[in-house]
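the amino acid sequence is not available; the structure is as follows:
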């Protein structure tokens, strides 16, 4: 049996040749994402803006326009109706002014409307989140993402050099803004699970970056005379097979999750799936060229020779 | 070269032992899919702890309540008002004017200025110390020579909240889980919140009705002398208060009652749902000895007059006292349904909540959705593992087999560790599980690619394998630390489902380094030792 080699041996792709074009593209894409996220806003779920979300599954396909007008007919504020799974809908209601009692009453009216018009429909879940809790959840979510970004960047700075830490930070900033841009653009609902998705993308992307950085560090020590661009290219080529195989493995697993996995985490799976592409791209075209711009040379690691560098040794 | 591939027998033994223990602990959780009668064949001396399913998988209700601190403060002041009345009435009685509450403080005038010091002294001894801080829960001071002012201290307020929260938690647990047998989580969060999680409840309405009622029951006399016109305008005569009376047969929505509490629900020993003589649902109650005495006394003195039965500051009914009630038991009527009478009876017999609990987050997940999620999650995990295994086998051959064994062992270890700690598996946790598989595979990919590379560079078999493991480990270590950092932050800030994700990721990072690095290295070492291969096909 011949083993599968997705990447031929000894590739010699000049990745760094396109670094300036890639940079311009990244800047355009990132600014467009940020711009879009800020001006268009995210489709925040009840977790982050409060209100109620009722998930209903129907025994047969229903006319979404009719369902929407029936919900609107209850006059419960600006309600949203979105498909959920194959034959279900998510009905979202804004926070009513009357607090929790009003929220419960609103939920009840929707449930009554559903039972009256669609006797076979099933209420699958009801979420009701007050403004106070949603504010806290949003704040905690943002804090978690920022702290994770910072924490990992500091770790990389500590393990490598400051330029690598900065590179890692720019990389995740790129990944997070692209992911948010994706959510703003597709209008997919951003709920608590999406925070988990973004953190996963952050750690996946940095995992990739760390692997490449590790090889760059190794080569910087090994080839003192080599100039930086060929050295980065060499490192990227040497790790290319691993990058492809790992990304593909994770994409296979996530693809399965997207296609046959639980409906509730479809959004999470889609986000991470996309994040794998963003993360793979950014570890090649953001984290690596940043090192050139920040002036990393083979000398960067020389001063650490002789014990300054702590190396993890396998037992 | 014998460094990394040198596996003494004791090391091999311990690695296998660890794997065996992990698999053993994962089995009870996996057996959960079988019906009860088949599970009993699992020997009783083997481990039994299983993974908990999060509410998003098991279905159920998640209710978060916020303590109404203003309500608690108001009740404390009300309580202090009663204390003032009792203390001043003690022999020798101190004459005082009206007690007024203003700006969270309580003020009363001592009629005889000479008795001010004595009044202050009595009130001081009626206050309570706050923990070991040396402070007391109320400050007692004097203004305008003969006015005594009582101000709650911050320490006292804090202590009161803390005590009230623990009482509230107990009351809630008595109400929804009197036997203490259900798998219900009731915990205080952040000092002023109570989280209630009940798996498997399809309709949380009853639950909400049980927790939502403060169930503060009071009996007070109706003031028959109050001018109805004044009462309608909300002007209470001195010593009275005006309360809503939604079911008033006379039609007025409010009623004036005397402020003094005759008997309160605190002295109930029993409350059950029953029916009145007209067959309408009612609540039968029994007082304890002292409550029964008070009730007998009051009813003897007031035959022919109406008294109000007040629940959470709303009048339920105001029956006339036909004859003295001496037995200490009675019946509460009002506009009840069987269900609401039943709920109220439970609430009354479990004691009143020290303050109002306001729901701020409610989530309920139907069992169908949970079942669908478990089912699809398990299928997705299975297919994902299978696809990854095939991919590993066609890519790395023999080393793919090792990676596969490591992957399967890893899955068992994650389940086993989660079961030992009774960890909760949530829906994002399943995603975390799949991600961990990716991370575990990545470690093997790094190692195997490095071995390929070292071979291309002309290293001999053993040398290539050793260098491969050695060089790859650095990157594996650093990469896993990045996962640990984000998982730890997620675990700290995340709630419910997100935390479930972090737990799986954290456990998975540890187990995947063990299986993908140490375990596969042992398999490779054993293979090299026994077969002494000349070439490496990778």
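Good, I have the coordinates. As the structure is a prediction and not an experimental result, all values here were calculated from the model. Numbers count the residues shown, from 1 in each chain, chains lettered A, B, ... in the order given.

that's a strand at residue B:270, yeah?
Yes: under DSSP: H, G, I helix; E, B strand; the rest coil, residue B:270 falls within a strand.

bridging residues for the closest residue to it other than its chain neighbours?
Spatial nearest neighbour of residue B:270, chain neighbours left out: residue B:286 (4.4 Å); criterion: CB to CB, 6 or more residues apart in numbering or on different chains. C-beta coordinates here come from the backbone N, C-alpha and C atoms, glycine included. In this entry, residue B:286 is beta-bridged to residue B:270, residue B:329, by DSSP bridges.

state the distance from residue B:286 to residue B:327.
Distance, residue B:286 to residue B:327, by CB to CB, to the nearest Å: 8 Å.

neighbour count: these two, which is higher?
residue B:286 (17 against 11; other CB atoms under 10 Å in any protein chain shown).

go ahead and confirm the more buried one touches residue B:268.
Yes: counting by CB atoms under 8 Å, residue B:286 does reach residue B:268; the two are 7.0 Å apart.

what's the neighbour count on residue B:393?
As a burial measure, residue B:393 scores 18 neighbours (other CB under 10 Å).

brain fart, residue B:46
10.

again with the one 10 residues further on
Residue B:56 has 29 neighbouring residues, counting by other CB under 10 Å.

which outside residues touch the one helix or strand it maps to?
According to DSSP states H and E, residue B:56 maps onto helix B:55-58. The contact list for helix B:55-58 (CB atoms under 8 Å, 6 or more residues apart in numbering or on different chains) reads A:264, B:61-62, B:197, B:199-200, B:363, B:365, B:367, B:370, B:373-374, B:377, B:425-427, B:496-497.

out of these, which are buried?
Among the contacts of helix B:55-58, those buried by neighbour count (16 or more other CB atoms under 10 Å in any protein chain shown) are A:264, B:61-62, B:197, B:199, B:363, B:365, B:367, B:370, B:373-374, B:377, B:425-427, B:496-497.

before we move on, the earlier item: show me how far the helix holding residue B:56 is from its chain's centre.
16 Å (CA atoms, centre = their mean, to the nearest Å).

how much space between residue B:295 and residue B:27?
Counting by CB to CB, the gap from residue B:295 to residue B:27 is 60 Å.

ok, those two, which is more surrounded?
Set side by side, residue B:295 and residue B:27 show more neighbours around residue B:295, with 23 against 17, by other CB under 10 Å.

before we move on, what SS does the more buried one have?
helix.

for stretch B:262-269, buried residues please.
B:262, B:263, B:264, B:265, B:267, B:268.

keep those, but drop any that are not near chain A.
Counting by CB under 8 Å from any CB of the partner chain, the subset of the buried residues of stretch B:262-269 that neighbours chain A is empty.

in strands only, show me these.
B:263, B:264, B:268 (DSSP state E).

wait, the first one sits on residue B:219?
Just to be clear, that refers to residue B:263. Yes: the pair residue B:263 and residue B:219 passes the contact test of CB under 8 Å, sitting 4.8 Å apart.

domain parsing of chain A, as residue ranges.
A:15-43+A:134-300, A:51-129 (automatic domain parsing).

what's the average pLDDT for the shortest one?
Throughout domain A:51-129, pLDDT has a mean value of 86.

repeat that for the longest one.
Across domain A:15-43+A:134-300, the average pLDDT comes to 90.

quick one: it to chain centroid distance?
Put simply, domain A:15-43+A:134-300 sits 9 Å off its chain's centre (CA atoms, centre = their mean).

buried sites along stretch B:21-29?
Those would be B:22, B:23, B:25, B:26, B:27, B:28, B:29, for stretch B:21-29 by 16+ other CB under 10 Å.

off-centre distance for it?
28 Å.

which helix runs longest in the chain?
No chain specified, so I'll use chain A. helix A:228-260 (DSSP state H).

that's the other chain; I wanted chain B
helix B:461-493.

and that one, what's buried?
By neighbour count on 16+ other CB under 10 Å, the buried set for helix B:461-493 is B:461-462, B:464-491, B:493.

next, the angle helix B:461-493 makes with the helix or strand that it is followed by.
Going down the chain from helix B:461-493, the next helix or strand is helix B:496-513, by DSSP H and E. Counting by axes from the mean of the first three to the mean of the last three CA atoms, to 10 degrees, helix B:496-513 lies at 160 degrees to helix B:461-493.

now for helix B:496-513, which elements pack on it?
Applying 3 or more CB pairs under 8 Å, 6 or more residues apart in numbering or on different chains; DSSP states H and E, we find helix B:496-513 packed against helix A:192-222, helix B:55-58, helix B:398-420, strand B:424-425, helix B:427-456, helix B:461-493.

output those as CSV; include the columns distance to residue B:503.
Listed next are these as CSV, based on distance: least, CB to CB, whole Å:
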stretch, distance to residue B:503
helix A:192-222, 12
helix B:55-58, 14
helix B:398-420, 7
strand B:424-425, 7
helix B:427-456, 7
helix B:461-493, 7
